[in-house]
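In: Below are the sequence and a predicted model for it; my questions follow.
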Amino acid sequence: MLERTPEPELMDSVEQVDAYAGADFAESNQQFVDTLVERLAARSGPGSLIDLGCGPGDICIRLALGLPDWSIEGADAGPNMLATARRSVDELGLGDRIRLVLARLPDAGLAQRAYACVVSNSLLHHLPEPDVLWQTVRELAAPGAYIQVMDLARPESAGEVRQLVECYAADAPEVLRKDFENSLHAAWRVDEVRAQLEHAGLPLECEKVSDRHWMVSGWLDE
């Protein structure tokens, strides 16, 4: 069984930001957004949504396009990531729909119990303490909110890590290949995430949704 190896919490060097902004995460990001839009349409009206660890803003933009009646907020601890996100948002004329804020979790400045939907993609494995994310979710979510969190799943072996890197990042810049490899080593397994949710008292489900991702989702009590 591959042991977890933590990686730096903040990925915000100019080289990393440029690599992530130029990378093609369309498939997994759109899968995340399509799942969210489908589940919200079935049960919830318009509201406010926050994306924790929004990075260069791709998911915020996709959410704004997929949820035209919703207010979207993106929070990230990286100034360079947010600067890139702001440029992308402005280029698409979505500045009135998407608000971007600098925040490092836990952050008391984020509105408490204010969001009808709290989401995050690929943030958990960066945090030194996973409870920080789950506690933040609990604090920010309004009663009855929908929660959706996706991240990488740690493989069983170093060999599987190498296979995934070759499969999905063979032609990527070296900085992106290395970050992907480190992230796979730092990721949490489904069973570990389920234990974190139980410890946090969050009634959410966690399931494997691809060969390299798990997803947590569910509705909180009213």
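Out: Yes, it's here. The structure presented is a predicted model; accordingly, all values stated were derived computationally and were not measured.
In: Show me which strand runs longest in this structure.
Out: Ranked by residue count under DSSP state E, the longest strand found in the chain is strand 141-152.
In: Neighbouring strands - and their directions - for it?
Out: strand 115-121 (parallel), strand 213-219 (antiparallel) (DSSP bridges).
In: looking at the ones you listed, which is buried most?
Out: Compared across the strands paired with strand 141-152, strand 115-121 shows the largest average neighbour count, a mean of 24 (mean count of other CB atoms under 10 Å). For glycine as for every other residue, the C-beta is placed from the backbone atoms N, C-alpha and C.
In: Report the rounded mean pLDDT for that strand.
Out: Strand 115-121 carries an average pLDDT of 97.
In: Run through who's touching that strand.
Out: Here strand 115-121 makes contact (CB atoms under 8 Å, 6 or more residues apart in numbering) with 29, 32, 36, 40, 44, 47-53, 59, 63, 70, 73, 133, 137, 140-142, 144-151.
In: List only buried entries from those.
Out: Buried subset of the contacts of strand 115-121 (neighbour count, 16 or more other CB atoms under 10 Å): 29, 32, 36, 40, 47-53, 59, 63, 70, 73, 133, 137, 140-142, 145-151.
In: The residue positioned nearest the centre of the chain and Arg113, how far apart?
Out: Centroid-nearest residue in the chain: Asn121, 1.4 Å away (criterion: CA atoms, centre = their mean). As judged by CB to CB, to the nearest Å, Asn121 and Arg113 stand 22 Å apart.
In: Equivalent analysis for Ala195, please.
Out: On the measure of CB to CB, Ala195 and Arg113 end up 25 Å apart.
In: Of these two, give the one with the bigger neighbour count.
Out: Neighbour count, other CB atoms under 10 Å: between Ala195 and Arg113, Ala195 has more, with 14 against 11.
In: in what helix or strand does the more buried one lie?
Out: helix 190-200 (DSSP states H and E).
In: Give me the helices and strands touching that helix, please.
Out: In terms of contacts (3 or more CB pairs under 8 Å, 6 or more residues apart in numbering; DSSP states H and E), helix 190-200 is packed against helix 131-140, strand 205-208, strand 213-219.
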